[in-house]
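[1] coords below, sequence missing:
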């Protein structure tokens, strides 16, 4: 067992099996509790592992919030709070940068002080739209429908493995809502829709992750 001097801060591990849902959960958590994104790591089961740090009480609020939100969304969640991770455990939590050739992208996001979050930029988007499908044809059709339905701008495309792809766009709340509705219908007509969400006024952590994308 590590001595008190070598113990690390408390950590919440939230493994959410949908990228879109994970970003929605993070947004809701940061608006309910004082926590910070330590890392975000893509797994091989079409999801995202959020590693959050903060005091134990705040992390438990975050965990309760994640349970409520994922239940509302009917998305699977595996979660735990580690109050004082051992030094050996920290070697598993604190992952080094990793590039996945199969996905052709980084699979571990590590926030850095020099990176600008969206809330630090001069123009913060009113809303983000998330369209997640299984299959490129469906997500491309969904994106096309979304962009034709409203004045939105595509800012990222993220692959999770297993054919899961998420396209993220930004704009005013009304425009993003209309775009998501149109994209949802197009995706369902072509293939398999996994998730479709709107995030109004994205939180700090969501902004950091999108800056990375």
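    Great, that's in hand. Predicted, not measured: the structure shown is a model, and the values here were computed from it.
[2] Tell me the buried residues in stretch 182-190?
    Neighbour counts over stretch 182-190 (16 or more other C-beta atoms under 10 Å) mark 182-187, 190 as buried. The way it works is simple: take the backbone N, C-alpha and C, and place the C-beta from them, glycine included.
[3] you'd agree residue 98 is up against residue 106?
    Yes - contact status for residue 98 versus residue 106: in contact at 6.9 Å, counting by C-beta atoms under 8 Å.
[4] coming back round to it: make TSV out of the buried residues of stretch 182-190 and add pLDDT.
    Formatted as TSV, these follow (pLDDT from 0 to 100):
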residue	pLDDT
182	97
183	97
184	97
185	97
186	97
187	96
190	93
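[5] which among those residues gets closest to residue 92?
    Closest approach between the buried residues of stretch 182-190 and residue 92, by C-beta to C-beta: residue 187, at 36.0 Å.
[6] Return the residues in contact with residue 142.
    Residue 142 makes contact with 131, 133, 167, 183-184, 186-187, 190, 193, according to C-beta atoms under 8 Å, 6 or more residues apart in numbering.
[7] Looking at residue 98 and residue 106, which is more packed in?
    Using other C-beta atoms under 10 Å as the criterion, residue 98 and residue 106 rank with residue 106 on top: 15 against 11.
[8] isn't that one right next to residue 99, touching?
    Yes - the pair residue 106 and residue 99 passes the contact test of C-beta under 8 Å, sitting 5.6 Å apart.
[9] Quick check: closest non-adjacent residue to the residue nearest in space to the middle of the chain.
    Central residue of the chain (C-alpha atoms, centre = their mean): residue 23, 3.0 Å from the mean position. In space, and not counting its chain neighbours, residue 23 is closest to residue 206: 5.4 Å by C-beta to C-beta, 6 or more residues apart in numbering.
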